[in-house]
Structures are given as structure tokens and as C-alpha cells.
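Engineer: Can you look at this prediction? I've put the sequence above it.
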Amino acid sequence: MDALRSLVQPLIGGSSMMDGMKLVVIGGTVETARRVSSSAWTHFVNSFFLTAHFSEEDLPYDWLMLWLSRRAFFASDVRGTDSRAHSISPEWQRSREFETTTRASHAGQQATGWEEDPDLGSEFDDSANPSKTRVIFQPTFDTTHTIYWRGHWLRVRRSRGTDGCEILSVSVVARSNTILKALVLQAKRDYEAEAVHRIQIYFADPHGSWRWADARHKRPLGTIVLEPGVKEMLLGDARDFLASEKWYSDRGVPWRRGYLLHGVPGSGKSSLIHALAGELMLDIYVVSLSSAWISDSVLMGLMGRVPKGAILLLEDLDAAFTRSVQRRADADDDGKEQGPEQPAGSKRRSREKEGRERNEMSDLNTLSLSGLLNALDGVAAAEGRILFATTNHLEKLDPALSRPGRMDVWVEFRNASKWQAEALFRNFFPSAEPEDDDLATEFDEAALAEIDIPTTPSRASRRSSSTSSLWSAFGGSGSGSSASMVSLPSSMAMPSSGSSTHPSSQSTAPSSPAPKSSQEPAAEQTMPLGDLPQFGASNTAYLPPPPAPEILAAHAGLRPLDAKTLAVLAKRFADAIPEGEFSVAALQGYLLKNKSRPEAAAEEASNWVTAEREMRERLMREREAREVREKIERERRKKAAAERKAKEKAEKEKKAREEKEAKEKQEREEKEKAEASKTETTGEVQQETKTATATEPAPSDSGSESVVIVEPEAETPVVAEATKEEKKVEDEESSESESESEDEDGSQRQGAPVYVSASAQARAQGQSWGRSVPQ
Ligand SMILES: Nc1ncnc2c1ncn2[C@@H]1O[C@H](COP(=O)(O)OP(=O)(O)OP(=O)(O)O)[C@@H](O)[C@H]1O
């Protein structure tokens, strides 16, 4: 040992080094122990927690986020009217960190409304301003919030997953997961309680995702004035469809249904869809096919993500077509592509070129009709959704798009009939007592008997109460005046009422609510729900905000009309309105102007009609005059363009002629110049040849080399033979003579005889050789 120490000692140095190493070892050990104990403690603590994770893409996430935002405001939401709410409210307010937003990022949150918080005192009480922006509190990212709820401490954490998707984690110390299930169920109920009064609107964004856009108050179906039976038919048909998943799957028919609402603008197409969505408690997913960024693949992705039991709304279908949707050359009669393969490059290129030429506005929009059709009912298209499409120009639609199977029910919307005018008037002005007779004229008794009034806010329970009113609506009121309003394609030749094959008559139709997520049944079964507080319409926290004071004042000042007066005024109004001349929107505009003067609205209706006609005629005259002006201007521009073109052509021709002449002239001059220089060269050569002939000895025959000598008199080259030796001598003499001659007058050629090559060109290229002969 001593030997070992004596060996190591020199390496590790003195005692100070040893102390340092000891410190490192002790420090490392302590840190490791701390880490181990910390992770062991975390592990130990976590082993008591039950944790549920909710992804942004799943509905429970929305339910819980709404519920959490409500926790922040529960006391204030009820405006001090509910002491029970006050006593359970401040769970969330203990949190020391939270995020605020004025824009709801998910369904169920409303971004406008009023708030007052008792804790803030009167200084911050802004309840007098009902339209102010509402601030929503929500948990911050990557922070654990602790909330006390129903005897348990919940730990809530909002984070982002690896794919960027938001995840909400809720942990609780408990022996079973009942409390978590109860939490989800509670959040769902709150969410649906909110949904009792609102419908959620989602819009497609350029990234191909659905973005929550708005939570709109529901529009009562009764406020939509259509010919009797139309609303009932649509409502019954949609309810029937939603309850018939099994019926469709048993027969291998895709569980999809399409409604095409077409007709004049302002006749209630969009309003009807919103009212139906409210009645059926469905969310609306809107996609605008004329968006610059829409393409086949984006649309396909969007369609695949429309949730089951939602309304997909394609607005102004014809606008999409006039803008950029083109039918592919390789599409079959049905409008679909022949196969999944892209067409050959050349075909595609020519199609693209055609598309470019046809519409330069299409930007990035590469939507094709076949792409749209595939998105609507291709293999990737979502099932269980209801498609609504609206258009003002049915004739512009490709038959493949509106064919049965894609658009199963067509409803035509026309300008207001007298009946609609009367009904609209009745809707606008309150009556002192409800009139059963009025209801009976609007809805036939059979249709009324079939509609259940929902008593619970549950979406599913409303669905389950659905019975088919489509067929009775057609059999009853549908045979009346409404028949002209609804035109049905051949696909509507479905089994008639009472037929055993009809979905509604199937015993397989769900008799209990269809759960929206797999968590629902478990939660419903395991939770003792009796002690949960009442939610839904009875919960004041979720009632819609009260109407604006000025509206309340206007209504307060309005004396309700007795039934008889109302009937008389409504009739008078309807009599003044010509059949099918004005849109319902136009009539609504007139009534809005007279909303507190029912008598005047009825009396002055004929004046309004006259004024409207005059205005229309004036507008028409102005339009015609404008069109004539535009036509004249167009022709003038056309003529000017033709003249300009002709002038340009003449100028072009003149220029070309001038250029040609200049070129010819230049060529002529060059030719003349060349001839002149040739003549000059010939003269020189003649001179040289003369001199050479006079001085040179006759060439010998042996070892001779051919050179060209220009005969001065004959002006033709003469071939002379000269020996190599002679040539060499001549070269030397010539170079001597040249230098002498240059020294004398700076010009070697002036008057000096030289041997030249056969052509002037060779001489110009420096190939000439010869010798100067001293004079
Ligand atoms: N049949 C109707 N019943 C009740 N209100 C109607 C009706 N038709 C139109 N209106 C009213 O007119 C306005 C415009 O209606 P809406 O937007 O639904 O018409 P549209 O047919 O969708 O028009 P567009 O084709 O131009 O989109 C709305 O305020 C709506 O309340």
C-alpha cells in the first residue's frame, strides 16, 4: 500500500489537490442523491395522481376549455343573482398566472358580452356598456394550475405536444377516475347548455384547417317565412337522416345527405340553414370555394375533417364555378376522374393553360370540378354530415354536381308571395294574445304533433326525439302551394311513408342518443348524477345576454296589437304587395323602417311599392343608358385600337422598306468600293509586273517553284518558275531593299516592283512576299 501511495503521490501532487478531489466527489454524490430523491419523490407523488390528457383535436378539449374559462368568471357571470354560484366560484381565481384573450379560440367561448366582477369594485363595473369586448381567461402554457372542485384538488396543465397540437392535462389525487369522468361530463353539459342558445360557425383557413369563427345566437325557425311545409320537410328529413346511420350502413349507402337551396338573392337561403342548424343543434362548417388558396388537396383534407353530425355549407356554388372550377378533360360523364392517376403531362399542361386563359384571377386556386366531386363523396369524404349548398344561378351548375346522391333535395326560393308578405308582417309586430288559429294556418296539425319540444339541452336527446316529418310534410302541406317551392330530383323517389324500407320505420334506428365520443357512455353510466347542479336553460349563467336597452325601449313603447287588428293590417299589407315581385329581404327592409308603426307600415305599403317600382325603373333606365354609353365607348375604343393597329402596321412597313433601301444602298456602295479597289490593285500589279519582267533573269527549269506574276499588259497572271536558291536570294535582297526604300520615303510599295500572291486577299492577309528591286 505504501508502495502504491509512493507511486501515486508524485502524480497527484500535494494535499491541496487531494482536498479538491474530495470536494468534487462529495459534491457529485450530493447532487446525484438530490436528483434521485427528487425524481423518486415526483414519481411517488405522481403515482397517487390520475391524469387525463385531452388533445385539441378532440371535443372534450373544447368542453374543458370552456369550463375552465367559466371557472374564472363563475361568480361574475351570474351577476350576483345566484348565491350558490358565488359560494362555489373562486377556484380559478387563486391561480397566480393565467392568459387573457378577447377572441375565443375554440367553440363555446363567446368573445363579446358583458362582465362585472364584484372583487374589482364599482370602479371597474362596466355593465352599463353591454357591447364592450369580453375578456376570457384561460390557463397559460406549461404552468400547472390548481383548482379545487367538488372536494378534490385538480392540477391543470396546458402544453403543446410534439406535433404542435395543444394538450390539456388534468390530474387529481383519487382512488378511481370517477372524478375525472364527472369533470368531463360536467364540462360537456356546460358546453351543451351554452349550445342551447348558440350555434358555432367554423371557417376553412388557408392551411386546410377549420377555425372557429363565431358563436351566433340561434334563429328561431318560426322567423323564417316560407311556404307551408318547406321548413318542416327539411327539418324532418335532416332529423331522419341523422338518426339513420345504421339504416344507411346496412344498405351500403354512404351516410351523407345534400340539400341544394337555389333561387333569387335575399329569399332566406342562408337564414334557413342557420335556423335549421339551431333547431338540430348542429355546428356549421363554411367553405368558400372561390377562395384564392383553395385547391383539390386542401378541399379534400377539409372535407375529411368535417365532424360527424355537422352541417357543411358551400355558399354561392355558382361563383366558385365562374371563377376557377373547370371540368377536367379526363373526367367521365359523372364528373369524376377516371382513375386516381394524374392525367398525362401534356393533357394537364394544356388544361392548365386553358384555365389560365379562362381566368387570370384564379391565383393559387387549383380547384377542379372533379376535385370538388371527389371531396364531396370520394372515399376520404366524411360521413354523417349534412351538406347545404346555395346558389343564385342553378343553370350555371354542372349537372354532375347537382345530381341526386350529391344534392338529394332541391329547394327553390322565389320572391315573396302574398302569403309570405302577410306572415312576415305578423312576425314583425307583436300580438296581444297568441293565436292558435294563426299557428294552424302556418303548420298543419299533423306536422305540429310530430315535432317534440326539447326539454333537455342535450344534442343527442334532441336527435333521438326525431321522427320523420318529411313524408307527412309532403303528403299533407306539401300537396298545397308549397309544392311549387320544392322541386325534387329523381333521387327523392325514396320509399314512401309507412314503407318498411324507410329509415324511420327501421327498428335499427337509434332509440337513445348517439354519443359523440367514446368517453360519453362510460361517464354517464358511472357517475352518480343526482347531486350535480342543474344545467341548461335553467342555468342563468348560460343565458344569452339581454337585448340592448334601445331595443328594449323600442319594444316597451310598442303597444301590442290585438289579434283582429293585426290580422287586418297584415292582410292590408299583403294586398299591397304584388305576388313574386319583391324579395323577402326587401320587404324586411321596409318593415324594419317602420318597426314601431304597424299601421303606417300597412297603409304606406302601396306607396312603397310604387316608389320601389319607380326607383327600379329609374335604375333600369340608368343601367340601360350606362350600357349604351359603355357600348359606344367600347366601339370607340375598338375603332381607335384598329386605327392604331393599322397605323402601326403602316409605320412598320415603311420602316422595313427604308431599312431595305438603306441596306441595298450600302451593298451597292460596298460593291463599288470593292470594284474600285480591285481596279487600283490591278494597276499596281501591272506596274510591278512590268518592272519585274524587265529586271528578272529567266527562271531555270530545275528545282523551280511556281509563283504568280501578273503580266502588266495582258492583266493576267503568268506562272513563272524560280529556283529555291534564287527565291532565297531574292527574299534577302528584297528585305534589304525594303528597309532602304522605307528609310527613303516610308513607303515600300510606291513605285517598287514586287512579287505578289495570286489574290489581293492573300496580300491583305500578310502572305505576300517578294523583293524590292532597286531602281
Ligand atoms: N324567407 C325569409 N324569411 C325570413 N327572413 C328572410 C327570408 N328571406 C330573407 N330574409 C331576410 O333577408 C335577409 C337576407 O336573407 P338571406 O341572406 O338568408 O338570403 P339569401 O337567399 O341567402 O341571399 P343570398 O342568395 O344573396 O345569399 C336576412 O336578414 C333574412 O332575415
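Structural biologist: Now that the structure is in, tell me what you want to look at. Numbering: from 1, shown residues only.
Engineer: Please count neighbours and contacts with C-alpha atoms only from this point.
Structural biologist: OK.
Engineer: Give me the helices and strands touching the lengthiest helix in the chain, please.
Structural biologist: Longest helix of the chain, by residue count under DSSP state H: helix 605-695. Secondary-structure packing of helix 605-695 (3 or more CA pairs under 8 Å, 6 or more residues apart in numbering; DSSP states H and E): helix 563-576, strand 704-710.
Engineer: Show me what from this structure comes close to the ligand.
Structural biologist: Proximity of the chain to the ligand (CA under 6 Å from any ligand atom) is limited to residues 223-226, 265-271, 392, 584-585.
Engineer: Show me just the buried residues among these.
Structural biologist: Among the residues of the chain next to the ligand, those classed as buried by 16 or more other CA atoms under 10 Å are Ile224, Val225, Leu226, Pro265, Gly266, Ser267, Gly268, Lys269, Ser270, Ser271, Asn392, Val584.
Engineer: which ones among these are found in helices?
Structural biologist: Per DSSP H, those map to helices at Lys269, Ser270, Ser271, Val584.
Engineer: for the residue nearest to the third one when sequence neighbours are not counted, what are its contacts?
Structural biologist: Going back to what we said before, that points to Ser271. Among residues not flanking Ser271 along the chain, Ile224 sits closest, at 7.2 Å (CA to CA, 6 or more residues apart in numbering). Ile224 makes contact with Gly268, Ser271, Leu272, Ala275 under the criterion CA atoms under 8 Å, 6 or more residues apart in numbering.
Engineer: From the buried ones among the residues of the chain next to the ligand, which one has the minimum pLDDT?
Structural biologist: The lowest pLDDT within these belongs to Asn392, with 89.
Engineer: circling back to that earlier point, pick out the shakiest of the helices and strands packed on helix 605-695, pLDDT-wise.
Structural biologist: Among those, strand 704-710 carries the lowest mean pLDDT, a mean of 43.
Engineer: List the residue ranges of the stretch 251-400 of the chain that fall below the pLDDT cut-off.
Structural biologist: Applying pLDDT under 70 to the stretch 251-400 of the chain picks out residues 320-365.
Engineer: measure the residue in it that the ligand sits nearest to to Thr391 for me?
Structural biologist: Using CA to the nearest ligand atom, the single residue of the stretch 251-400 of the chain nearest to the ligand is Gly268, 3.1 Å away. Separation of Gly268 from Thr391 (CA to CA, to the nearest Å) stands at 12 Å.
Engineer: For Tyr259, what are phi and psi?
Structural biologist: When quoted as degrees, to the nearest 10, the phi and psi of Tyr259 stand at phi -120, psi 130.
Engineer: Count the neighbours of it for me.
Structural biologist: Residues near Tyr259, counting by other CA atoms under 10 Å, number 23.
Engineer: Find me the pLDDT at Asp58, would you?
Structural biologist: As predicted, Asp58 sits at a pLDDT of 78.
Engineer: how near is it to Arg158?
Structural biologist: 14 Å.
Engineer: Which one's more surrounded, these two?
Structural biologist: Between Asp58 and Arg158, Arg158 has the larger neighbour count (other CA under 10 Å), namely 22 against 11.
Engineer: ok, the more buried one - contacts?
Structural biologist: So Arg158 contacts Pro139, Thr140, Phe141, Asp142, Thr143, Thr144, Glu166, Ile167, Leu168, Ser169 (CA under 8 Å, 6+ apart).
Engineer: And Phe413, by the same measure?
Structural biologist: Counting by CA under 8 Å, 6+ apart, Phe413 touches Leu261, His262, Gly263, Val264, Ser267, Gly268, Lys269, Met485.
Engineer: let's see 10 Å
Structural biologist: 226-227, 261-269, 392, 484-486, 583 (CA atoms under 10 Å, 6 or more residues apart in numbering).
Engineer: Over to Lys665?
Structural biologist: Lys665 makes contacts with Glu659, Lys671, as judged by CA under 10 Å, 6+ apart.
Engineer: tell me the pLDDT at Ala662?
Structural biologist: 95.
Engineer: for Tyr191, that is, sorry about that
Structural biologist: Predicted confidence (pLDDT) for Tyr191: 80.
Engineer: what number of residues lie near it?
Structural biologist: Tyr191 has 26 nearby residues by other CA under 10 Å.
Engineer: same check, this time on Leu587
Structural biologist: Using other CA under 10 Å, Leu587 has 20 neighbouring residues.
Engineer: Excluding chain neighbours, give the residue nearest to it in space.
Structural biologist: Leu587's closest residue in space is Ala421 (CA to CA, 6+ apart), at 7.3 Å.
Engineer: can you pull the buried residues of the helix or strand containing the one you found?
Structural biologist: For Ala421, the host element (DSSP states H and E) is helix 418-428. Neighbour-count burial for helix 418-428 flags Lys418, Trp419, Gln420, Ala421, Glu422, Ala423, Leu424, Phe425, Arg426, Phe428 (criterion: 16+ other CA under 10 Å).
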